[in-house]
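Asker: Build me a model:
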Amino acid sequence: LGERLLMAFDVSPSGLPMGQTILKSGRSFNRGYQHETSSLADIGSLQVEFRYLAHVTQNKRYQGKVVHIIKLLQDLQQQQDQVEAEEHKSNGGKRDDKTTSNCYHGLLPVSIRNDTPKPQFDDLTNNALLSLGPKGGAFYEYLLKTWLQGDKSESMYREMYDKAMKGVRKLLVHTSEPNGLTYLAEVDQRNGNVLHNMDQYVCKMGGLFALGAYTHPHGLASSVAQHDLQIGKALAYTCYQMYARMSTGLSPECVSFNTNSYDGSNTKDFEPCSNGRHHYLRSETVETLYILYHLTNDPVYQEWGWEIFQSLEQLCRSLVGYASVKDVDNTKNHNEEFSSNYSTSSDDLEDRME
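Answerer: Numbering: from 1, shown residues only. Model prediction:
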């Protein structure tokens, strides 16, 4: 299978793989809605698997393909360093905590063109976002996990991760009104506008921040590691609240956060997005709770996980599997369709949470 998937890399002028491969016909191409681009998450989340395939088969070609991707992305990140330095100089040496159309502070847009010999950002589409959602987040996750897979010996991955997390802290970390819930927003790179929405998918970042803190090269006691750990814990609490504050006990797919100063009229920190009231059995919050519990031994993460598990059992379980829910704030709605996101048996999940 790995050998057949290599065609996605080989037909690309830059080596950034195409988004879809038809194994029967041997064709690789970008999905129609992606046009000439790859999503950052797609191309940046291949490293662990292909590197392991190279290890077990002793075929370095698999690893070479994905290392090439990271080096291309590292070049793009370093280009942004130069832009940031130039803007810093032109700004009279003053610190600028905002993004512009040219400066992303270590982050990369979710859409990158792969139809030219030299990859470049696609900043003319609706995918012109700095985001940790489904189109971008996995890249940063894999930087850290690839560094750990290599026994922390390949500094490139950790350096790219740390640089990106610095950008996350600077641009994407926000707090809601009136109760100060921490969340990760998105930024439209074309105009610098902040979008105060967060997908349930982003909840995996709580565990990632915690894992990055506990493995920080300067130690957990360092100021950066402690800051990241606090962000991870705060995100975990927010994501738990995304479940707990819904009448079903299930999280919506997306929430929109309130940023208006509290005037007594609006007591809600967030509302489900108009097109995101459904629940798709995503595992990201439980993954974060699992990581935080095993790192900190704090039983509160077990308790939150158990509450989520009970809601899933009550509203999503059927005789033949688990299904998604149409409206998380309607206890009378029935499960909608089956999903592969949540496939662990209830007995096994219960054992893991103990």
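Asker: State the helix or strand in which Met160 lies.
Answerer: Per DSSP states H and E, Met160 falls inside helix 155-167.
Asker: which secondary structure elements does the very next helix or strand once past that helix contact?
Answerer: Later in the chain than helix 155-167, the nearest helix or strand by DSSP H and E is strand 173-175. With contacts taken as 3 or more Cβ pairs under 8 Å, 6 or more residues apart in numbering; DSSP states H and E, strand 173-175 sits against strand 182-184. Placement of C-beta: from N, CA and C, glycine included.
Asker: moving C-terminal of the strand it packs on, what's the next helix or strand?
Answerer: Taking DSSP H and E, what comes next after strand 182-184 is strand 186-188.
Asker: from the middle of its chain, how far away would the very next helix or strand once past that following strand be?
Answerer: Going down the chain from strand 186-188, the next helix or strand is strand 194-195, by DSSP H and E. Chain-centre distance of strand 194-195: 16 Å, with Cα atoms, centre = their mean, to the nearest Å.
Asker: For the very next helix or strand once past strand 194-195, which helices and strands make contact with it?
Answerer: Using DSSP H and E, the helix or strand that follows strand 194-195 towards the C-terminus is strand 197-199. If you count contacts as 3+ Cβ pairs under 8 Å, 6+ apart, strand 197-199 packs onto strand 254-257.
Asker: quick one: contacts of the strand it packs on?
Answerer: Strand 254-257 is contacted by residues 174, 176, 181, 183, 185, 196-200, 242, 269-273, 275-276 when judged by Cβ atoms under 8 Å, 6 or more residues apart in numbering.
Asker: With stretch 45-56 instead?
Answerer: In contact with stretch 45-56 (Cβ under 8 Å, 6+ apart) are residues 2, 17, 59-67, 69-70, 138-139, 141-142, 145-146, 149-150.
Asker: Among those, name the buried ones.
Answerer: 17, 62-63, 65-67, 69-70, 138-139, 141-142, 145-146, 149-150 (16 or more other Cβ atoms under 10 Å).
Asker: Which one of those residues is nearest to Glu303?
Answerer: Comparing the buried ones among the contacts of stretch 45-56 against Glu303 with Cβ to Cβ places Glu141 closest, at 25.4 Å.
Asker: quick one: pLDDT of the closest one?
Answerer: pLDDT for Glu141: 97.
Asker: Check Trp306 too.
Answerer: So Trp306 comes in at 98 (pLDDT).
Asker: Which element, helix or strand, includes it?
Answerer: Assignment of secondary structure by DSSP H and E places Trp306 within helix 300-315.
Asker: and after the helix ranked longest in the chain, which helix or strand comes next?
Answerer: Secondary structure of the chain per DSSP state H: the longest helix is helix 60-90. Per DSSP H and E, the first helix or strand lying C-terminal to helix 60-90 is strand 111-113.
Asker: Could you state which residue of the protein sits nearest its centroid?
Answerer: Gly137 (2.5 Å; Cα atoms, centre = their mean).
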